[in-house]
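Asker: after the sequence you'll find the predicted model.
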Amino acid sequence: MTLAEIKNLLDADVIVGEDLLGMEVEAGFAADLMSDVLAFAKEGSILLTGLTNPLVIRTAETLDLRAIIFVRGKRPSSDAVKLAREKNIALLGTRYILFESCGRLFTAGMRGSIQKVGEAS
């Protein structure tokens, strides 16, 4: 699935990374705790979160995540936007809640970074 398809499924706005919408994404992860993201998200995934500070961008950079989607109508801080531009990480925003966003992506065929804690993905 491409970021453009994700944008359409979530009726999302592009905050940063219009030029990255053709990028392919195979898996997603959703959390507001960056410690969970670091522990369980897999390289190349997208991250859905309501956390909007630069730590989210740093976490995405560390894991080589494809994009961050901010849910619940939240918008990243100006520092986070600046950092995402520097690191070439796409940022999108949707007004859907986290649960609905994940459900829409799952229904469209996207799967999670892992299925169960403690099992190989």
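Answerer: Looks like it arrived, so ask away.

Asker: three-state assignment of the nearest residue to Glu26 once chain neighbours are set aside?
Answerer: Spatial nearest neighbour of Glu26, excluding adjacent residues (CB to CB, 6 or more residues apart in numbering): Gly44 at 6.7 Å. From N, CA and C alone the C-beta is placed, and that goes for glycine too. Classification of Gly44 by DSSP: H, G, I helix; E, B strand; the rest coil places it in coil.

Asker: residues near Gly44, how many?
Answerer: 15 (other CB atoms under 10 Å).

Asker: how close does the residue nearest to Glu43 when sequence neighbours are not counted sit to Gly118?
Answerer: Closest residue to Glu43 apart from its sequence neighbours, by CB to CB, 6+ apart: Asp64 at 4.6 Å. For Asp64, the distance to Gly118 equals 23 Å [CB to CB, to the nearest Å].

Asker: who has more neighbours out of these two?
Answerer: Asp64 (11 against 5).

Asker: tell me the confidence at that one?
Answerer: Note on Asp64: pLDDT of 95.

Asker: Glu119 too?
Answerer: Looking at Glu119, the pLDDT reads 68.

Asker: ranges for the helices of the chain?
Answerer: 3-9, 34-40, 54-63, 78-87, 98-107 (DSSP state H).

Asker: only C-alpha atoms, please: export the fourth one in CSV.
Answerer: Written as CSV, here are the backbone C-alpha positions of helix 78-87 (Å, rounded to 0.1, in the frame of the first residue of the first chain):
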residue,chain,number,x,y,z
SER,A,78,6.7,23.2,14.9
ASP,A,79,10.0,21.7,16.2
ALA,A,80,8.7,18.2,15.2
VAL,A,81,7.7,19.4,11.7
LYS,A,82,11.2,21.0,11.2
LEU,A,83,12.9,17.8,12.3
ALA,A,84,10.8,15.7,10.0
ARG,A,85,11.7,17.8,7.0
GLU,A,86,15.4,17.5,7.9
LYS,A,87,15.1,13.7,8.3
